[in-house]
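Undergrad: only geometry, no sequence info:
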């Protein structure tokens, strides 16, 4: 498993995030702007309690606008803890 991977398809749809539709659109405009100006990369940090749908929202945004995700699992298929994911994200920046 590499550090960055194509995002898996979301299991939720935009209607599942109606309460934050405006925020999703702001993120989309920022991603489109970065793409238009040929930025080398752009990161989006989603913060919230576990189980609130951050990963699914990220995958929905990536499905719509393109991008990658930091692998959440190790090469052995085990879930990476927070420290490992942050470390992987830091490596991916280079």
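TA: Structure's in. What do you need? Just so you know, these numbers come straight off a predicted model, no measurement behind them.
Undergrad: Closest to the centroid, which residue in the protein?
TA: For the chain, residue 58 is the residue whose C-alpha lies nearest the centre (C-alpha atoms, centre = their mean; 3.9 Å).
Undergrad: gap between it and residue 73?
TA: The spacing between residue 58 and residue 73, counted by C-beta to C-beta, to the nearest Å, is 15 Å. Where you see a C-beta, it was placed from the backbone N, CA and C, and this is true even at glycine.
Undergrad: about what we covered before: confidence score at the residue nearest to the centre of the chain?
TA: At residue 58, the model reports a pLDDT of 89.
Undergrad: so it makes contact with residue 45?
TA: No - here residue 58 does not reach residue 45: they are 9.7 Å apart, not a contact under C-beta atoms under 8 Å.
Undergrad: contacting residues around the nearest residue to residue 34 once chain neighbours are set aside?
TA: Of all residues not flanking residue 34 in the chain, residue 42 sits nearest, at 4.1 Å (C-beta to C-beta, 6 or more residues apart in numbering). Applying C-beta atoms under 8 Å, 6 or more residues apart in numbering, we find residue 42 in contact with 30, 31, 34.
Undergrad: cool, and residue 92?
TA: Counted by C-beta under 8 Å, 6+ apart, residue 92 has contacts 3, 4, 70.
Undergrad: Over to the first one: give its phi and psi.
TA: In other words, residue 3. Here is the backbone geometry of residue 3 (degrees, to the nearest 10): phi -70, psi -50.
Undergrad: Please go through this structure and pick out the longest helix.
TA: For the chain, the helix with the greatest residue count under DSSP state H is helix 21-36.
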